[in-house]
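> I need the structure of the sequence given here:
(2 chains)
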2 protein chains.
Amino acid sequence: MRAEILTIGDEILIGQIVNTNSVWMAQQLNLIGVKVAHMSTIADDEKDILNAFAEASSRADFVLITGGLGPTRDDITKTALAKFFNVPLVRDEKTFREIEEYFSKRGRQLNGINADQALILEGCSVLQNKQGTAPGLWMKYKNTVFVAMPGVPYEMKAIMTESVLPRIKKENELPYIYHHTLLTQGIGESEIAEMISAWEDTLPAKNIKLAYLPQPGMVRLRLSASGPNETELKQLVDTELKVVHEKLARFVFGLENYAAENVSLEKVVSGLLRERKKTISLAESCTGGYISSLITALPGASEVFKGAIVPYTNKAKHELLQVDEALFTTVGAVSEECVLQLAEHVKKVFHSDYAISVSGIAGPTGATAEKPVGTVWIAVAGKEKIVSKKYQFGDNRNRNIISSASAALNMVRKMILEDAPN
Amino acid sequence: MRAEILTIGDEILIGQIVNTNSVWMAQQLNLIGVKVAHMSTIADDEKDILNAFAEASSRADFVLITGGLGPTRDDITKTALAKFFNVPLVRDEKTFREIEEYFSKRGRQLNGINADQALILEGCSVLQNKQGTAPGLWMKYKNTVFVAMPGVPYEMKAIMTESVLPRIKKENELPYIYHHTLLTQGIGESEIAEMISAWEDTLPAKNIKLAYLPQPGMVRLRLSASGPNETELKQLVDTELKVVHEKLARFVFGLENYAAENVSLEKVVSGLLRERKKTISLAESCTGGYISSLITALPGASEVFKGAIVPYTNKAKHELLQVDEALFTTVGAVSEECVLQLAEHVKKVFHSDYAISVSGIAGPTGATAEKPVGTVWIAVAGKEKIVSKKYQFGDNRNRNIISSASAALNMVRKMILEDAPN
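Model prediction:
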């Protein structure tokens, strides 16, 4: 079962809005076992639209179209469909009455433009739009089902949920699709590939797909498979996931059962702290408050987060966090000594169970011969111990900040796990 | 000049990530006068990829491809291109040396998989990737230029900015496109629309396009026109920009001459501080370090930013910033009294010229009858004065944090401008 998603509208092509409709539709289709093989966005241009219809119908079982169903002149999806199917547009009386009602409820006068929203393709089935005036349309062309929906997100979502998805499920025997994702930190894509290459070779024979999804500071590894039996599928994928989990154990910080629920290091760390009723504080120099902002972006942060100090100057490091002044002229602020003192003192200042400190050269300036841009020292203090580590990241300021955050959060995650649960 | 954007990668088709690359690319192409007529996303599947190449080449002058250039096995864009162009993959020695250097800089061992990143299509031009290891490739097929770039956003953006856009501009006679954008804070899209409606009606006759670009806490208004004469074009647009600037004067915080250079409130504030050799510090409660992270994301932050304290608990507000303890049981931490004390003390603690303090209820929890989610108090302290203001934002935690940051930065911007330059 192959689906394609077609978005019609100039606003996406000039980069004015992000196409979040497609993402949502793809998630929903995947969940019911329909594979989305293609997404395209085309302009409000009849020739381009007809072309796209022809291409999609040659490949797909389902073509889901959004946009261009509105009442204004730039909305031409319906007339293009009529041309493509070679059928006239006729007024649907039920839809017309619904539109009349929609307007009278809001105390507004129905005009000619809005009445035209009741025009549908002769012979199509109408998918009621309870949230607006443009109904969805469902029609078959040779072996391909075309579904046209308005582009307004909540209208499209309601029509998908109430009509499209149930009907696809009812009319087709769909396979199950199962994804499970391993989250790693502190190792690059290519190093992982080398470590798991022999295992990766065995996947195609099992019809399992592996995807590497890198982002600064971490790589997500997604295993996917589809088949008729849900239980077998899960077992198949999870067995392999276990294998690769073991191989990469020291880099793994979490699992993601389904794409939608996005697991991050700050979520994992906050979750562990909450579970154990522990708290954290931070002394962030080169990360400038970024790690704190990640933690406090999560609802309920105040249960685990006590606070942070961003001592951007040496004076502030000394005055607020008692860093030994002599240190600045000997080893400098980007040093093991400095982060150890910062972590210890910030933990005391905020009365927290754990503390992170970061001091580094984010760039582009501030480098020395021994400390190039990207040199970052991180320390993590816990109940009984304190650890520190030097990192050498790259030369991009923002990535150095993001990578420092991932590394720091993973260090504290490991320390929390090493500590006895209570 | 017609361009198409082709994104290769399963992660978008299963709805795991939103395709923000395409949006950015479309914006950039539009800015130099190239129209994007089609965007598609296809799976990591050779047949689908070859199909998409053929379709795109039949329609477009430029096909910009992202994704599938990584070092791992699910990355098949390069081999698909080699098949489509019917040329072998050969090792590019310059790229190979760059990859070697990339690895040695990071103290990592180059492995066989990474060495393969130096394989390029015979006869193509290589677009250096300074941010990663997969170079961009530029090649011509009949009348269509194909450009392949990695899908990692910052790598793609660097290659686009440094190589692709300049080369498209150089090799083609593009119409001039002139955009000028007004940046506003503290007013919604629909309020603006109402205020400028009569003026907006006059634009189509002048061939000027107006776009509303809303984001949390601010709205950008972009005026665009295209034509053969650059000087006339600028005059035409800037005359109108002046009109709308006057109408919205008290909400305007800046102008953006060109979308690429992205003027933000933190840039405006940092720029003003640098010009006047002044410094800032922050006490961030509900924004949790977010404003500091915005300021410190900018290169050279240490010239203007002294530091921040994120006192997430009442105890920390009292112990670190001398907030009167009695206040917590009377007016509470989300109050004018609290932010005034926070701003005054944090300014002293960091010896800065200006200080911002924020205390509010970001949500979803923490609300009371008098202080619903979205209630935020902000204070700004300067040389001689201190001001405070209460805001009522919405019920989305992240948007409340972002909106608080915009409001706070705009408050300090206004105060700096009101102060005598020295």
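
> can you give me the neighbour number for residue A:107?
6 (other C-beta atoms under 10 Å in any protein chain shown). C-beta here means a position set from N, CA and C on the backbone, and glycine is covered the same way.

> could you tell me how far the most centrally placed residue in chain A is located from chain B?
Nearest to the mean C-alpha position of chain A, counting by C-alpha atoms, centre = their mean, stands residue A:262 at 5.9 Å. As judged by C-beta to the nearest C-beta, to the nearest Å, residue A:262 and chain B stand 9 Å apart.

> what does residue A:140 give?
For residue A:140 relative to chain B (C-beta to the nearest C-beta), the value is 23 Å.

> right, and that residue touches residue A:146 too?
Yes - counting by C-beta atoms under 8 Å, residue A:140 does reach residue A:146; the two are 7.4 Å apart.

> ok, the two, which is more surrounded?
Between residue A:140 and residue A:146, counted using other C-beta under 10 Å, the more crowded position is residue A:146 (23 against 12).

> for the more buried one, which three-state class applies?
With DSSP: H, G, I helix; E, B strand; the rest coil as the basis, residue A:146 sits in strand.

> in the sheet, who's paired with it?
For residue A:146, the beta-bridge partners are residue A:63, residue A:139 (DSSP bridges).

> against which helices or strands is the longest helix anywhere in chain A packed?
Of all the segments of type helix in chain A, defined by DSSP state H, the longest one is helix A:397-418. Where contact means 3 or more C-beta pairs under 8 Å, 6 or more residues apart in numbering or on different chains; DSSP states H and E, helix A:397-418 is packed against strand A:176-185, helix A:265-275, helix A:290-296, strand A:354-360, strand A:375-381, strand A:386-392.

> what angle do it and helix A:265-275 make?
For helix A:397-418 against helix A:265-275, the angle by axes from the mean of the first three to the mean of the last three C-alpha atoms, to 10 degrees is 30 degrees.

> give me every residue that touches the spatially closest residue to residue A:229 that is not a sequence neighbour.
Excluding its sequence neighbours, the residue lying closest to residue A:229 (C-beta to C-beta, 6 or more residues apart in numbering or on different chains) is residue A:176, at 7.2 Å. Residue A:176 sits next to A:33, A:226-230, A:233 when contact means C-beta atoms under 8 Å, 6 or more residues apart in numbering or on different chains.

> buried ones among these?
Buried members of these, counted by 16 or more other C-beta atoms under 10 Å in any protein chain shown: A:33, A:226, A:233.

> need the contact list for the second one.
Translated: residue A:226. Counted by C-beta under 8 Å, 6+ apart, residue A:226 has contacts A:33, A:35, A:175-178, A:207, A:233.

> average pLDDT across the host helix or strand of it?
Using DSSP states H and E, residue A:226 sits in strand A:218-227. For strand A:218-227, mean pLDDT rounds to 90.

> got the CA coordinates for that strand in PDB?
Extracted in PDB, the C-alpha atoms of strand A:218-227 (Å, rounded to 0.1, in the frame of the first residue of the first chain):
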ATOM      1  CA  MET A 218      24.100  12.700  19.100                       C
ATOM      2  CA  VAL A 219      23.000  10.000  16.600                       C
ATOM      3  CA  ARG A 220      19.700   8.200  16.600                       C
ATOM      4  CA  LEU A 221      19.500   4.700  15.100                       C
ATOM      5  CA  ARG A 222      16.100   3.700  13.900                       C
ATOM      6  CA  LEU A 223      15.100   0.100  13.100                       C
ATOM      7  CA  SER A 224      11.900  -0.400  11.100                       C
ATOM      8  CA  ALA A 225      10.000  -3.400   9.800                       C
ATOM      9  CA  SER A 226       6.500  -4.100   8.500                       C
ATOM     10  CA  GLY A 227       4.500  -7.300   8.300                       C
END
